Structure formats: C-alpha cells, structure tokens
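# Return a 3D structure for these sequence lines:
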Amino acid sequence: KSSLLSYMARGQYEYKGKYLVNFAVRADGSSRLAEENRWRTFPSVAIAWRLSEEQFMVDNNIFSNLKLRLSYGEIGNQAIDPYQTMTRLKYSTYSWDKTGIYTWQPDGLANKSLGWEVSKTWNFGVDFGLSNRKLDGSVEYYHTNNVDLLMQRQLPETTGFGNIWQNIGKTLNEGIEVSLSVYPINKKDFTWSVTGLFSRNWNKITELLDGKDDRANRWFIGQPISVIWDYKKNGIWQIDEAAEAKKFKMEPGMIKVVNRDDDTAFTDADRFILGQREPKIISSLQSIFRYKKLDCSFNIVGQFGHLIQAENYTAEWNADKYIIDAIDWWTPLNPTNKWPRAHTAQSHSFSSTLSIFKGDFIKIQDISLGYVINKKLLENKINNLRVYIQARNPLYLHKACPRDVNPEQPNTMYTLPTSYVLGINLSI
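This next block holds a predicted model:
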C-alpha cells in the first residue's frame with residue numbers, strides 16, 4: 001500500500017495573441033520514499049512568440065504560421081515498490097535436525113535515504129506553415145538532465161541479497177525531433193498528404209556512485225545508459241590455428257574472440273562496449289490518398305543505430321536442441337567463420353557473441369484500402385457505408401538481423417503477428 005499527495009498551482013497569460021506565458025508549480029509527497037525525502041517541488045515555465053501575428057509578418061507571402069517556443073520543467077519519478085525504505089521479512093521453511101520448521105527471513109535490504117528521481121528539461125521548438133498550404137511542420141530540440149536516478153543496483157552474492165534500490169548517478173538525454181506534413185494535391189475530389197517524423201537521440205551516463213564504472217550493472221560513465229558489453233567475435237578457430245588456439249585452451253571449430261590484453265586468459269578486461277540497445281534514430285512515413293470514393297493509406301516505420309541481443313536464437317541450437325540442417329556449422333570440410341562446430345555440450349564458450357545483431361529495420365506497419373458506396377445504391381437508408389481491407393505488420397522492407405529474428409522483440413520465440421482485416425464502417 002502506498003499514497004501520493006500533490007498540490008499544484010498554474011497560471012497563463014496571453015497578450016494580443018502573440019505572446020504566451022504558461023507557468024506551474026507542483027509539490028508531491030510520496031510514502032514510497034524515505035521520510036526526510038518524501039516531498040519535492042517541481043516548477044515549470046513555457047513561453048511562446050507567434051511571429052506570424054506580428055505586423056512585419058502579416059503581409060509576407062511565405063508563412064501562414066510561425067511560432068517560437070521555449071520551455072523548462074522538472075518532473076519527478078517515484079515508481080518503485082512500496083516499503084523499499086524498510087527491512088522486510090518473508091515466510092520460508094528450514095530443516096533443523098531432520099525436522100522441517102517454518103521461519104521468517106530478511107527479504108531485501110532497506111534504503112532509508114531513498115528520494116525522488118528528477119528530470120530537468122529544456123525544450124526549444126519552431127512551428128511553421130507555408131502560405132500556400134503545401135507544407136507545415138515543427139522542429140524541436142530537447143536537453144534533459146536526470147539526477148538521483150532510481151535504479152536497482154546489483155549486489156555481490158556475499159551480501160546474501162541480489163539487489164537494492166538506490167538513487168544512482170546522473171544521465172544526460174538530448175535530441176531533435178522533426179515533423180513535416182506535405183500536401184502535394186488538395187482538390188475537391190482528389191487529396192494526397194504525406195507526413196514524416198524523424199527523431200535523433202543521444203544519451204549518456206554522466207555520473208555514478210564513487211565516480212567509477214559499475215561493471216556488474218553494465219553502467220559506464222560517458223556511455224549510453226543501456227549497452228551491450230561483451231566479447232567481440234573474431235571468427236572461428238581453424239585447423240591451421242590449432243597451436244595458437246591451444247594457448248587459450250581452445251580448439252579448432254570453437255568461437256574465437258578478440259584478446260585485448262595479450263594474455264592467455266579471457267576476463268572482463270577483454271570485453272568491449274559493442275553498442276547501445278536503444279535506437280539512435282526513429283522515423284516514420286505516412287501517406288493518405290483519397291480520390292472521390294476511394295481511399296488508400298500506408299505507414300512505414302524504421303529504427304536505426306542500435307544492437308539487439310536475441311538470446312533465444314542460440315538457445316535453439318545449444319545442447320541437444322540443435323538442428324544440423326538449419327545451421328551452417330563449422331566442420332573440417334566447411335571451415336566457416338560464422339558458426340562453430342556442432343556438439344552436445346551444454347553451451348559453447350562465448351556463445352553470447354552469436355546472438356548480437358544490428359537492430360536496424362524498415363517495415364510497413366499498416367496499409368489499408370477503402371471504398372465508400374454511393375448513397376443512391378443504398379436507397380438513402382444508410383448515411384454512410386465504407387468497405388475496407390487492412391493489413392497490419394505485413395512485411396519488413398529491410399532488417400539487418402537474420403530472417404528468423406524479430407528485431408522489435410528479439411527474445412521472443414514467436415514472430416510479430418501479421419493480421420488482415422476485412423471490415424465495414426456503417427452509420428445510419
């Protein structure tokens with residue numbers, strides 16, 4: 001059980017439709033946090049200038065709308081389970097002198113200094129529209145500092161506990177977002193509009209506890225928040241490399257990885273930050289076409305600049321589960337550098353390197369075709385009848401990962417479902 005109590009004040013001011021100011025202040029108190037840190041105040045202010053209403057812009061033949069926006073605001077996060085500031089107990093069993101007894105045991109460590117995670121964001125934007133109504137859109141830049149992040153920190157096994165909630169470090173998150181709508185054709189019986197969205201994001205950790213990287217949680221100062229930190233595959237050990245492989249306790253047909261420190265043991269010092277898990281670029285393109293009673297639309301989406309780790313991809317062939325015909329296994333007669341040799345051991349050394357792929361993809365998210373039936377054919381008993389067919393997630397135009405890996409849900413055993421719908425919209 002938890003409770004949240006909030007107070008808020010807000011004000012707005014507008015002058016001649018050209019100058020706009022919006023300000024607010026909010027105070028929140030959460031029972032989930034430590035008693036001395038439960039309350040926090042979050043201010044925000046936004047100003048806008050509608051240039052298109054200025055006298056020097058009224059007579060221009062370029063912009064029908066032009067507005068500049070600037071804002072600053074703070075928001076808080078207290079999304080943790082209740083009672084993390086208290087020592088909790090859980091019911092368990094124990095064997096004592098060959099007799100089973102019921103016991104209570106600690107269920108997690110208490111953190112009596114937990115406080116709010118706070119995001120402080122600056123945002124600058126431009127909204128515009130051309131006088132010929134052929135183009136409108138917006139461009140935004142945001143810059144967010146996150147402080148006192150609420151995260152579960154992994155603990156050494158010697159503590160007897162797996163993790164603990166803490167306010168850990170700071171991160172920086174910034175990016176640009178662009179939205180453009182184009183109207184190539186805008187006539188009575190024929191319209192066509194195209195809308196494109198583009199966003200580019202940069203994020204990194206700027207501070208951690210004690211000013212040091214946290215390898216256990218894969219947090220590295222100066223690097224993105226969520227990264228893949230692993231060994232770098234450098235092919236497969238070949239027969240003519242048997243002597244060299246033996247130095248590393250490896251054999252031909254086994255996975256070869258980069259040795260960073262030139263010793264014969266592979267440790268964390270040999271791992272690389274291979275890339276980030278979150279897309280750097282997200283984009284979409286939507287087109288809507290109408291000609292008299294006929295309409296057609298489609299939406300294409302894409303994500304770029306990130307890595308995915310499909311752990312189930314290698315689980316399918318580990319141990320006795322491998323399907324020999326489905327994998328291009330290494331053999332003395334097939335000295336490939338892609339896949340290791342097939343065997344029935346529990347797992348290959350460094351097999352995680354085989355499940356890391358580029359996550360880039362472009363797909364048609366949905367496409368539809370519809371037709372509005374003429375009222376005369378309906379004898380005026382129905383106001384509107386539209387028949388349509390729609391396909392959702394019909395296909396990928398491009399994906400950088402293997403064909404049988406889902407780049408959007410890489411750890412699922414199933415593909416993203418494709419649906420086809422035949423329907424009607426009816427109004428009487």
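# Determine how far the last residue of stretch 102-114 lies from the first.
Start and end residues of stretch 102-114 are separated by 32 Å (C-alpha to C-alpha, to the nearest Å).
# Quick check: mean pLDDT of that stretch?
Averaged across stretch 102-114, pLDDT comes to 84.
# where does residue 269 fall, helix, sheet strand or coil?
Recorded secondary structure, residue 269: helix (DSSP: H, G, I helix; E, B strand; the rest coil).
# and it, what is it in contact with?
Residue 269 sits next to 260-261 when contact means C-beta atoms under 8 Å, 6 or more residues apart in numbering. Where you see a C-beta, it was placed from the backbone N, CA and C, and this is true even at glycine.
# Please repeat the previous calculation with a cut-off of 6 Å.
Residues near residue 269 by C-beta atoms under 6 Å, 6 or more residues apart in numbering: residue 261.
# How much space separates it from residue 229?
Residue 269 is 12 Å from residue 229, where distance means C-beta to C-beta, to the nearest Å.
# Looking at residue 190 now. What's its pLDDT?
For residue 190, the model assigns a pLDDT of 92.
# Actually, residue 52.
In this model, residue 52 carries a pLDDT of 86.
# burial of it, as a residue count?
19 (other C-beta atoms under 10 Å).
# do the same with residue 327
That count, for residue 327 with other C-beta under 10 Å as the rule, works out to 15.
# again, but for residue 416
For residue 416, using other C-beta under 10 Å, the count is 13.
# what sits against it?
With C-beta under 6 Å, 6+ apart, residue 416 has these contacts: 393, 406.
# Which residue ranges of the stretch 51-200 of the chain form strands?
Assigned strands in the stretch 51-200 of the chain, in chain order: 63-77, 89-96, 99-106, 117-130, 135-154, 163-186, 190-207 (criterion: DSSP state E, counting those that start in this stretch).
# could those be laid out in a markdown table, adding distance to residue 265 and mean neighbour count?
Below are these laid out as a markdown table (distance: least, C-beta to C-beta, whole Å; neighbours: other C-beta atoms under 10 Å):
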| stretch | distance to residue 265 | mean neighbour count |
| --- | --- | --- |
| strand 63-77 | 42 | 16 |
| strand 89-96 | 39 | 10 |
| strand 99-106 | 37 | 10 |
| strand 117-130 | 39 | 17 |
| strand 135-154 | 24 | 17 |
| strand 163-186 | 29 | 16 |
| strand 190-207 | 29 | 16 |
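# and those strands as a markdown table, adding distance to residue 406?
A markdown table is the format used below for those (distance: least, C-beta to C-beta, whole Å):
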| stretch | distance to residue 406 |
| --- | --- |
| strand 63-77 | 30 |
| strand 89-96 | 37 |
| strand 99-106 | 40 |
| strand 117-130 | 31 |
| strand 135-154 | 27 |
| strand 163-186 | 26 |
| strand 190-207 | 22 |
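# What ranges does the stretch 301-428 of the chain have for its strands?
307-309, 356-358, 361-372, 384-399, 419-427.
# What's the separation between the closest residue to residue 241 other than its chain neighbours and residue 339?
Residue nearest to residue 241 in three dimensions, not counting chain neighbours: residue 252, with 6.8 Å by C-beta to C-beta, 6 or more residues apart in numbering. Going from residue 252 to residue 339 by C-beta to C-beta gives 13 Å.
# got it, and residue 331?
Counting by C-beta to C-beta - residue 331 and residue 339 are separated by 10 Å.
# tell me, what residue is most central in this protein?
residue 278 (4.9 Å; C-alpha atoms, centre = their mean).
# buried residues in the helix or strand bottoming out on mean pLDDT in the chain?
When each helix and strand of the chain is scored by mean pLDDT, DSSP states H and E, helix 311-315 comes last, with a mean of 73. For helix 311-315, the neighbour count (16 or more other C-beta atoms under 10 Å) marks 313-314 as buried.
# Equivalent analysis for stretch 30-43, please.
Neighbour-count burial for stretch 30-43 [16+ other C-beta under 10 Å]: 30, 32-34, 37-38, 40, 42.
# Tell me what residue 205 is bridged to.
residue 171, residue 221 (DSSP bridges).
# surely it meets residue 172?
No: here residue 205 does not reach residue 172: they are 8.2 Å apart, not a contact under C-beta atoms under 6 Å.
# ok, back up a step: what's the least confident helix or strand of the chain in contact with?
351, 354-355, 405, 411, 413.
# Those residues into a markdown table, with extra columns for neighbour count and pLDDT?
Shown next, in a markdown table, are the contacts of helix 311-315 (neighbours: other C-beta atoms under 10 Å; pLDDT from 0 to 100):
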| residue | neighbour count | pLDDT |
| --- | --- | --- |
| 351 | 17 | 85 |
| 354 | 17 | 89 |
| 355 | 20 | 89 |
| 405 | 20 | 86 |
| 411 | 14 | 81 |
| 413 | 10 | 68 |
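# ok, so of those residues, who is nearest residue 102?
residue 411 (37.4 Å; C-beta to C-beta).
# State the distance from residue 295 to residue 289.
7 Å.
# Just give me the neighbour total for residue 248.
Residue 248: 17 neighbours (other C-beta under 10 Å).
# I meant residue 395, not that one.
Based on other C-beta under 10 Å, the number of other residues close to residue 395 is 9.
# what pLDDT does the residue lying closest to it once chain neighbours are set aside get?
Once flanking residues are discounted, residue 395 sits nearest to residue 364: 5.8 Å by C-beta to C-beta, 6+ apart. Looking at residue 364, its pLDDT is 96.
# contacting residues around residue 364?
300, 394-395.
# Residue 124 too?
Counted by C-beta under 6 Å, 6+ apart, residue 124 has contacts 70, 141.
# so what's it bridging to?
Counting by DSSP bridges, the residues bridging with residue 124 are residue 70, residue 141.
# ok, residue 173 touching residue 201?
No: using C-beta under 6 Å, residue 173 makes no contact with residue 201, being 7.1 Å away.
# what does the model give residue 61 for pLDDT?
Listed pLDDT for residue 61 reads 78.
# Let me see the contact set for it.
residue 131.
# Give the burial count for the closest residue in space to residue 86 that isn't next to it in sequence, as a bare number.
Among residues not flanking residue 86 along the chain, residue 110 sits closest, at 5.3 Å (C-beta to C-beta, 6+ apart). Using other C-beta under 10 Å, residue 110 has 16 other residues around it.
# For residue 89, see how far away residue 110 is.
In terms of C-beta to C-beta, residue 110 sits 11 Å off from residue 89.
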